[in-house]
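Enquirer: Take this sequence and fold it.
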Amino acid sequence: MNKKILVVDDNEQDRKIITRVLSKAGFKDIITAERGEEGVEAAEKEKPELIVLDTVLPGIDGFETCRRIRKSQGPKTTKIIVTTGAIDAVDAGKARAAGADDYVVKTSDFAHLAKAVKSLLK
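Expert: Residues are numbered from 1 along each chain as shown. Reported below is the predicted structural model:
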């Protein structure tokens, strides 16, 4: 699939796994960032169709990163999925208020994430 995806996650292992899962799902144009600020810059420069955004990031967190991307690009230009590895850190209301289209709890197989990406990029 020829859709550009930006993965913003400070955990190198998670970035690699997410990239691999998305590649296996048919997505080939995947870029990554480690910090929220880098994610905002990459979103402005690269104009991805979808962003996978971790909640816990050094610098600005994922919720603030989401807000800044929405502010700079306008509502719903880019689809955003907020992810977290800590179940109690996920607040669906907070993610939606920040402008996220969906949120996914990271699991060991990342199957829910791949399904959410495919659903949003139909």
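Enquirer: pLDDT below threshold where in the protein?
Expert: By pLDDT under 70, the low-scoring segments of the chain are 1, 75-76, 87-90.
Enquirer: Nearest the geometric middle of it, what residue?
Expert: When Cα atoms, centre = their mean is applied to the chain, the residue found nearest the centroid is residue 52 (1.3 Å).
Enquirer: would you list every one of the strands in the protein?
Expert: Secondary structure of the chain (DSSP state E): strands at 4-8, 29-33, 50-54, 79-84, 102-105.
Enquirer: show me what contacts the residue nearest to the centre of the chain?
Expert: 5, 6, 7, 8, 9, 18, 22, 81, 83, 113, 117 (Cβ atoms under 8 Å, 6 or more residues apart in numbering). Backbone N, C-alpha and C define where each C-beta goes, glycine included.
Enquirer: If the nearest residue to it once chain neighbours are set aside is in a bridge, with which residues?
Expert: By the measure of Cβ to Cβ, 6 or more residues apart in numbering, the closest residue to residue 52 outside its immediate chain neighbours is residue 7, 4.7 Å from it. Beta-bridge partners of residue 7, counted by DSSP bridges, are residue 32, residue 52.
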